[in-house]
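# Using only what follows, build the 3D model:
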Amino acid sequence: MVQTSVTPFDLVGCPLIGFPIGFSQNADGLDVPIGALVGGLPYGEERLLGLAATYQATTDWHKRRPLEPSAAGARIAAAQRPRVTAEEVVAAGLL
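This next block holds a predicted model:
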């Protein structure tokens, strides 16, 4: 069973496992990790661990890391910077 909240599992004491499944971009354009929470039957920890291990054996999301916020911010700032023509640079006396 896949849930959007851990509450039902916490209330009855059923096991949960969380693992990374990718990245999503926030409003600032930064990559943020997203994950899945999967719940199991009582005493079903072994099955959940097997599921997560199988998923991680077939994907590499658990090895990936988001960009450092400063590097990502610099990339966003560069993309939003207005383009300047060569004529504008010469006119401003920057060359």
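
# pLDDT at residue 87, what is it?
In this model, residue 87 is scored at 76, pLDDT.

# next one: the one 4 residues further on
Residue 91 is assigned a pLDDT of 77 by the prediction.

# what about it, neighbour count?
10 (other CB atoms under 10 Å). Yep, even glycine has a C-beta here, placed from its N, CA and C like the rest.

# Break down this structure into its strands, ranges please.
Secondary structure of the chain (DSSP state E): strands at 16-25, 31-39.

# and residue 49, which of these is closest to it?
When the strands of the chain are compared by CB to CB, strand 16-25 sits nearest residue 49, at 6.8 Å.

# and the angle for the longest helix along the chain with strand 16-25?
If you go by DSSP state H, the chain has its longest helix at helix 45-58. Per axes from the mean of the first three to the mean of the last three CA atoms, to 10 degrees, the angle that helix 45-58 makes with strand 16-25 is 30 degrees.

# And stretch 30-48, what's buried?
Neighbour-count burial for stretch 30-48 flags 30-31, 38-40, 48 (criterion: 16 or more other CB atoms under 10 Å).

# center of this protein - which residue?
Centroid-nearest residue in the chain, with CA atoms, centre = their mean: residue 33, separated by 1.5 Å.
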